[in-house]
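**Student:** Sequence and computational prediction follow.
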Amino acid sequence: MSRCIVHLDMDSYFASVEQQAQPSLRNQPIGVTGKPTERSIITAFSREAKRYPVKTAMPVWEAQRHCPSLILVAGHPERYVETSKRFLEILKEYTVMIEVYSIDEVFMDVSQEAPRRGGPIAMARDIQRRFRDALGPCITATLGIASAGKTFAKLVGKRHKPNGIGLLRDEDIPQLLKTTHVGEMCGIGPRIERRLQQLGIYTLSDLGGASERLLRREFGVYGLFLHQLGLGRDLTPVVPYTEIPPPKSIGHSKTLPPELRDRSLALLVLRELADKVAARLRRLGYVCRTVHCGFRTGVLGPGYAKQATLALPSDDGETLYRACLSILDAIPLQPAEIALVAVSATQLLARDTLPDLLFEEDRRRARLNSAVDKIRTQYGDRSIRLGTSLLLKPLPPHVGGFIQEAWEFGVADRSAAP
Amino acid sequence: MIRKVGQSIDAFVIYRRDLAHPELHAFRWAGRRYDVSQTNFVHSEREGETLYLCYSVTSAGDHFHLRLDTRAGRWTLEEMEMGP
């Protein structure tokens, strides 16, 4: 095997971490949720719960209908981030070619290292043993290994869950292509799958047999990637964590509980989100030129969004919020109730590449922000807040989406040198 | 059943050279000594500049959640779960 790509996926990640931290939850069907109310959704189920027909992101009421004995557990994001950092530290001992795909998934290119460690299977077993020793018996990982590339490593890993090791040998690829439906592949969602089916393409081998020109005409450049998958090849390289490009946008969104859906209260939440986005911009040393703001009228309802370019690049929460208000004014629909608000900053520029602020008012706000940041750094995020935020009852912490991006938790000291 | 405690306690810890956090060996609460038989999970939390280390440990079949304020060097028993 010349090329050796490994996909590592933690099993029932959030739920396993909770079971490790709280032994009374072990061997129980648990569901991790942001806030254990009927209206929440479950972000992770334990293995025991997965014996029932439950799915990630299922509403609590529906999950409880399928699994009446389900125990709801409020998530602890700090536990998951810490565990991720810990397992990444272990993986770094094997290779530097680690791509942080999500909080519980990585790709590794171990083409050089695997032969020195007794082959990919022996190496995978060693990783699982190290995880067990360092993280505890409940927190396990499944590894998929393939020379065919990342997508195939992920596929073969998925077929060996939980706590398994899957190896796709080159000689097994033709058979795999014949028996694998296109929808099973990462990167082929329900819409693309439907479009492929309309072209008479159901399996990977159908995809490989289709003409490249047809796929290119239907899917553009992506069609070429699809064609390669059909031939049993995914040449997408593993992008190591050391080479992750700087962020293109920084944003936050919040699904509002019913008591906060009144437009005036939703705007207060939006104000807090704008403040959080601005604080992250400052922490990472960026300013933004464009603000993107949107809302939804129902949790799964239609979304409305627009963007606005700022007169001057900014990292100030008040400026971002005012841009959001002008965006919302420009959207024809003015609903009385809002179920979700979102704000993001794009077109980021490094703060230190810009000239000093010209106007005294801007300099004053920069000093104010700097003082607020210092207070928050020393005493915590909630030590100093806008007076208007006191009108809101505390919102639950983020569990599902995770404010940490791969480039934030996967790379040491990245925030210090963006 | 989880019982909230929130009381300051005495702790016996070992600083091992190969561990990133001190190992909780035993603690004393309500006049009784509890020997830690298993450390289930340790994670850190930050409130401003104060770093807390949160321990989930087992002693004699009961589970305990403790927190070390690394600035003040003070241990708190946050909650306990009675065994199965």
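**Tutor:** In hand now; what should we look at?
**Student:** Which residues of the stretch 251-400 of chain A lie near chain B?
**Tutor:** Residues of the stretch 251-400 of chain A lying close to chain B (CB under 8 Å from any CB of the partner chain) are A:Arg376, A:Thr377, A:Gln378, A:Tyr379, A:Gly380, A:Ser383. Yep, even glycine has a C-beta here, placed from its N, CA and C like the rest.
**Student:** Which helix or strand contains A:Ala134?
**Tutor:** helix A:120-135 (DSSP states H and E).
**Student:** For that helix, report the contacting residues that lie outside it.
**Tutor:** A:1, A:4, A:6, A:8, A:20, A:83, A:86-87, A:90-91, A:94, A:110, A:113-114, A:117, A:139-141, A:143, A:145, A:163, A:165, A:167 (CB atoms under 8 Å, 6 or more residues apart in numbering or on different chains).
**Student:** Likewise for stretch A:90-108?
**Tutor:** Stretch A:90-108 is contacted from outside by A:5-10, A:13, A:80-81, A:84, A:88, A:109-110, A:112-113, A:117, A:123, A:127, A:130-131, A:134, A:150, A:153-154, A:238-242, A:244, A:402, A:404, A:406, A:409-410, using CB under 8 Å, 6+ apart.
**Student:** in the chain, which spans are strands?
**Tutor:** All of this refers to chain A. In chain A, strands defined by DSSP state E lie at A:5-10, A:30-33, A:42-45, A:71-74, A:98-102, A:105-109, A:141-146, A:165-168, A:249-255, A:286-296, A:303-314, A:340-350, listed in chain order.
**Student:** That was the other one, I meant chain B.
**Tutor:** Going by DSSP E, chain B shows strands at B:2-14, B:23-29, B:32-35, B:38-47, B:50-59, B:62-69, B:74-81.
**Student:** Looking at these, spot the one closest to A:Leu349.
**Tutor:** strand B:38-47 (28.7 Å; CB to CB).
**Student:** For chain B, which residues are neighbours of chain A?
**Tutor:** Residues of chain B lying close to chain A by CB under 8 Å from any CB are B:40-41, B:43-50, B:56, B:58, B:63, B:81, B:83-84.
**Student:** repeat that with 10 Å
**Tutor:** Contacts of chain B with chain A, taken as CB under 10 Å from any CB of the partner chain, map to B:1-2, B:20, B:38-50, B:52, B:54-58, B:61-63, B:65, B:81-84.
**Student:** And for the residue nearest the centre of chain B, nearest residue in space, chain neighbours not counted?
**Tutor:** For chain B, the residue whose C-alpha lies nearest the mean C-alpha position (CA atoms, centre = their mean) is B:Leu66; its distance is 3.1 Å. Using CB to CB, 6 or more residues apart in numbering or on different chains and skipping residues adjacent in sequence, the residue nearest B:Leu66 is B:Tyr55, 4.6 Å away.
**Student:** mind listing what the one you found touches?
**Tutor:** Shown in contact with B:Tyr55 (CB atoms under 10 Å, 6 or more residues apart in numbering or on different chains): A:21, B:11, B:13, B:21-24, B:27, B:36, B:39-43, B:64-68, B:75, B:77-78.
**Student:** Which of the residues you listed are buried? Put it as a PyMOL command.
**Tutor:** The buried residues among those can be selected in PyMOL (16 or more other CB atoms under 10 Å in any protein chain shown) with this line:
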select buried, (chain A and resi 21) or (chain B and resi 11+13+21+22+24+27+36+39+40+41+42+43+64+65+66+67+68+75+77)
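**Student:** Just to check, A:Leu310 is in contact with A:Val287?
**Tutor:** Yes - in this structure, A:Leu310 is within contact of A:Val287 by CB atoms under 10 Å, at 8.9 Å.
**Student:** Give me the common contacts of the two.
**Tutor:** Shared contacts of A:Leu310 and A:Val287 (CB under 10 Å, 6+ apart): A:Asp316, A:Thr319, A:Ala345, A:Gln347.
**Student:** ok, those residues vs chain B, which is closest?
**Tutor:** A:Asp316 (22.1 Å; CB to the nearest CB).
**Student:** that older thread, the residue nearest to the centre of chain B contacts B:Ser56, correct?
**Tutor:** Yes - judged on CB under 10 Å, B:Leu66 makes contact with B:Ser56 at a distance of 8.2 Å.
**Student:** Backbone dihedrals for the closest residue in space to A:Arg365 that isn't next to it in sequence, both of them.
**Tutor:** Leaving out its chain neighbours, the residue that sits closest to A:Arg365 by CB to CB, 6+ apart is A:Asp316, at 5.4 Å. Main-chain torsions, A:Asp316, degrees, to the nearest 10: phi -110, psi 130.
**Student:** Tell me which residue is most central in chain A.
**Tutor:** The residue lying closest to the centre of chain A (CA atoms, centre = their mean) is A:Ser102, at 5.3 Å.
**Student:** What separation is there between that residue and chain B?
**Tutor:** For A:Ser102, the distance to chain B (CB to the nearest CB, to the nearest Å) stands at 19 Å.
**Student:** Return the set of residues that bridge with that residue.
**Tutor:** Listed by DSSP bridges, the beta-bridge partners for A:Ser102 are A:Glu105.
**Student:** Please apply the same query to B:Ala11.
**Tutor:** The partner residues for B:Ala11, given DSSP bridges, come to B:Phe27.
**Student:** Any stretches of chain B with poor pLDDT?
**Tutor:** Scanning chain B for pLDDT under 70 picks out B:83-84.
**Student:** Which neighbouring residues are in contact with B:Gln7, exactly?
**Tutor:** Contacts for B:Gln7 (CB under 10 Å, 6+ apart) come out as B:Trp29, B:Ala30, B:Trp75, B:Thr76, B:Leu77, B:Glu78.
**Student:** Please report how far the residue in chain B sticking out farthest from the centre lies from A:Arg3.
**Tutor:** Here the centre of chain B is the reference, and by CA atoms, centre = their mean the most remote residue is B:Gly48, at 20.8 Å. B:Gly48 sits at a distance of 47 Å from A:Arg3 (criterion: CB to CB, to the nearest Å).
**Student:** try B:Met1
**Tutor:** Distance from B:Met1 to A:Arg3, by CB to CB: 53 Å.
**Student:** Also A:Asp172?
**Tutor:** 16 Å.
**Student:** At which residues are the helices of the stretch 251-400 of chain A located?
**Tutor:** Ranges of helices in the stretch 251-400 of chain A, per DSSP state H, counting those that start in this stretch, are A:263-284, A:317-330, A:360-379.
**Student:** Report the angle between the shortest one and strand A:303-314.
**Tutor:** So that's helix A:317-330. Calculated by axes from the mean of the first three to the mean of the last three CA atoms, to 10 degrees, helix A:317-330 forms an angle of 140 degrees with strand A:303-314.
**Student:** residues near residue 17, how many?
**Tutor:** I'll assume chain A. As a burial measure, A:Val17 scores 27 neighbours (other CB atoms under 10 Å in any protein chain shown).
**Student:** try chain B instead
**Tutor:** Per other CB under 10 Å, the neighbour tally for B:Arg17 reads 4.
**Student:** For B:Glu23, see how far away it is.
**Tutor:** Counting by CB to CB, the gap from B:Arg17 to B:Glu23 is 11 Å.
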